[in-house]
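Asks: what follows is a predicted protein model with its sequence.
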Amino acid sequence: MQARTLALVGATGGAGTTRTAVELAALGARDGRDVAVVDAAFTTQGLSEYVSGRIGTDLTALLTDETDASLSAATYPIDVGGGAGGDRGDESGSGDGSAPEDATGLPGRADAVPARAPFERVARAETAEAGRKLERRIDEAATAYDAVVVDTAPVGSNAAVAAVAAADRVEAVTPATAHGRDALQRLRGRVADVGGSVDGTVAVARAGENDAERDGGGADSRLPAVDPGVGDAPAAASGTGAYVEALAGTYERAFDAALGIEFEESGLVDRIRS
């Protein structure tokens with residue numbers, strides 16, 4: 001069955017899960033698809049950094065105080081033009097799920113449903129009841145988008161459990177190191193404990209890793225190192241290098257979908273670097 005919802009679960013903190021989720025959404029939009037990234041990592045709230053402009057209603061509000069509102073009330077266009085970490089004091093964040101076609105310059109939509117909330121509301125959004133509501137919100141997103149990527153923290157919260165339960169497919173995101181490989185084994189156990197399974201793995205390389213640290217062997221996808229800065233994402237909106245090409249393979253495998261994006265054949269130097 002073709003997957004429509006994908007839970008990207010970090011095997012460790014800082015594995016690159018949020019960046020990978022945003023890049024996959026931009027890549028899908030570049031191919032003319034409508035893709036949403038739903039935040040299930042309430043503690044870090046990293047997805048909010050990829051939205052320019054003010055964030056009003058966020059996902060945690062829909063799970064606690066505004067349960068009757070539609071998902072579009074907490075939906076914002078992902079900034080595909082860089083500068084996502086800019087001034088949040090303007091009013092450019094729509095929050096109504098209706099990003100104009102020229103807001104991104106891409107044929108499809110790349111939207112975020114971020115968490116940006118004070119600790120008190122985050123705590124209420126992490127209850128078991130809120131987790132069940134999150135599952136329903138993910139299902140709601142699947143009816144409005146061609147694909148949904150759920151940015152999920154390492155399984156240890158009700159939100160993460162809800163993401164794993166609701167998604168058609170679960171993929172682990174690990175550092176491309178021996179430490180990442182070890183963390184993956186622990187994550188598999190956690191996911192199994194809540195009745196799920198890890199269907200695939202994405203190993204993310206980091207700049208500056210030495211040969212002794214590098215691993216990533218056995219992963220279904222391996223993403224080359226890129227500048228981790230928010231302002232440099234998403235590269236997939238227009239890039240054609242080895243990183244974006246690897247992302248395309250990840251998207252096609254995870255969603256069982258063929259993308260119509262063409263890449264120039266990598267030269268010898270690029271293949272060595274990747």
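Replies: Done, it's in.

Asks: could you look up the SS state of the closest residue to residue 122 other than its chain neighbours?
Replies: With sequence-adjacent residues excluded and distances taken as Cβ to Cβ, 6 or more residues apart in numbering, residue 122 is closest to residue 42, at 4.8 Å. Bear in mind the C-beta positions are built from the backbone N, C-alpha and C, glycine included. Per DSSP: H, G, I helix; E, B strand; the rest coil, the secondary structure class of residue 42 is coil.

Asks: contacts only, for residue 42.
Replies: Residues counted as contacts of residue 42 (Cβ atoms under 8 Å, 6 or more residues apart in numbering) are 60, 115, 117, 122, 125, 126, 153, 157, 159.

Asks: so what does it look like in phi/psi?
Replies: Geometry field for residue 42 lists phi and psi as phi -70, psi -30, criterion degrees, to the nearest 10.

Asks: for the protein, which segments count as strands?
Replies: Counting by DSSP state E, residue ranges of the strands within the chain are 5-10, 35-40, 76-77, 110-113, 147-152, 169-175, 200-204, 221-223.

Asks: is residue 36 bridged to anything, and to what?
Replies: residue 111, residue 148 (DSSP bridges).

Asks: looks like it contacts residue 75 (just checking).
Replies: Yes. In this structure, residue 36 is within contact of residue 75 by Cβ atoms under 8 Å, at 7.1 Å.

Asks: need the residues touching each of the two.
Replies: Residues touching both residue 36 and residue 75 (Cβ under 8 Å, 6+ apart): 111, 112, 113.

Asks: adding distance to residue 46 and neighbour count, write these out as CSV.
Replies: Written out in CSV, the entries for the shared contacts of residue 36 and residue 75 read as follows (distance: Cβ to Cβ, whole Å; neighbours: other Cβ atoms under 10 Å):
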residue, distance to residue 46, neighbour count
111, 16, 29
112, 11, 30
113, 13, 28
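
Asks: quick check: the residue lying closest to residue 194 once chain neighbours are set aside vs residue 192, distance?
Replies: Excluding its sequence neighbours, the residue lying closest to residue 194 (Cβ to Cβ, 6+ apart) is residue 161, at 5.0 Å. According to Cβ to Cβ, to the nearest Å, residue 161 and residue 192 sit 12 Å apart.

Asks: between these two, point out the one with more neighbours.
Replies: Counted by other Cβ atoms under 10 Å, residue 161 and residue 192 do not tie: residue 161 has more neighbours, with 23 against 12.

Asks: pull the contacting residues for the more buried one.
Replies: Per Cβ under 8 Å, 6+ apart, neighbours of residue 161: 131, 155, 194.
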